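K.L.:
Give the three-dimensional model of this entry:
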Amino acid sequence: MKSRIRKAVFPVGGLGTRFLPATKAMPKEMLTVVDKPLIHYAVEEAAAAGIEEFIFVTGRGKQAIEDHFDFSFELEDNLKAKGRKDMLDAMRAWLPRPGQVAYTRQQEPLGLGHAVWCARHLVGDEPFAVLLADDMVLSDSPCLKQLVDAQAKVGGNVVAVMDVPRDQVSRYGVIAPGKDDGRLAEVTGIVEKPAPEKAPSTLCVIGRYVLMPEVFDHLAAHRKGAGGEVQLTDALAKMIGHGPFHGLRFEGERFDCGDKLGFLQATLAFALAREDLGAGLESYLRGMFEGRRKPKRPGGAR
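P.N.:
Residues are numbered from 1 along each chain as shown. Down below sits the predicted model:
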């Protein structure tokens, strides 16, 4: 009998140096796409996939994330005084229930594998999900739900994969596919950030995983890999051949919000998909690109 996926780990201990100075005093996961922080979208996606326990692996300076998923009595009192029951109800609707959220510290930034390992006691001996808030997927069915549904059928590890141009594979973990039906590909090998000429394919892993708890046994050695960090990919490679392992070509468009251009593209895409914003933004963009409206550079911009 396959276990239901109840827990999700959110590694949020990174420094976000690519977005300085915006992230000097604010966690990168709190950067806002339209009107919600990146981490908010990730938690919503997890909840839509049936996740019941949300585990955050934090670091120094991440208190804003904890505050975001907590009650704000001052704000609630203010909304009550102004008669804004609609806003109050909307805010309460997305807050996790008491006891659903847990936090643990990654004292040193030793890599994604180390961050996941830090959650081992909170996860326990059951399969779990990992979501990287930097990766956003705009889709009809939430990306993690697609993985959870696939894992319920095939068991074992399931990771989200997408084809990328070969000259970009060195940014990702890359799988060597075996049996492949066009959507689910058996994983026969996986390597972190290979040189393009050495990559086993162009099927690359993005920040969505459903993993078996045995991964913690392999992460416990804290062996450093690419970039001098403890890589989750290296632990996954040791699990090949010991149970089912598949890469899922998910439905939807993925945005790398750890990159400035990807973050801007996500903001536009998610805004255009909104009923309350899409038409107005589309009109503005059409005017800009048809030459009716020229964008201005802000004073002091470089």
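K.L.:
Which other helices and strands does the lowest-mean-pLDDT helix or strand in the chain contact?
P.N.:
When the helices and strands of the chain are compared on mean pLDDT, DSSP states H and E, helix 85-94 comes out lowest with a mean of 80. Counting contacts by 3 or more C-beta pairs under 8 Å, 6 or more residues apart in numbering; DSSP states H and E, helix 85-94 packs against helix 73-81. For the C-beta atoms, the positions are set from N, CA and C on the backbone; glycine is no exception.
K.L.:
What mean pLDDT does the helix it packs on get?
P.N.:
Here helix 73-81 scores 82 as its mean pLDDT.
K.L.:
chain center to it, what's the gap?
P.N.:
31 Å (C-alpha atoms, centre = their mean, to the nearest Å).
K.L.:
ok, now which ones touch Thr17?
P.N.:
For Thr17, the contact set (C-beta atoms under 8 Å, 6 or more residues apart in numbering) comprises Thr23.
K.L.:
Which residue, other than its chain neighbours, is closest to Leu75?
P.N.:
Distances taken as C-beta to C-beta, 6 or more residues apart in numbering put Met91 closest to Leu75, at 7.8 Å, once the chain neighbours are dropped.
K.L.:
next one: Trp94
P.N.:
Spatial nearest neighbour of Trp94, chain neighbours left out: Glu44 (6.8 Å); criterion: C-beta to C-beta, 6+ apart.
K.L.:
Give me the pLDDT value at the one you found.
P.N.:
95.
K.L.:
Repeat that for Gly299.
P.N.:
Here the pLDDT value assigned to Gly299 is 62.
K.L.:
ok, now Arg292?
P.N.:
61.
K.L.:
that older thread, and the residue nearest to Leu75, how many residues sit next to it?
P.N.:
Met91: 15 surrounding residues under other C-beta atoms under 10 Å.
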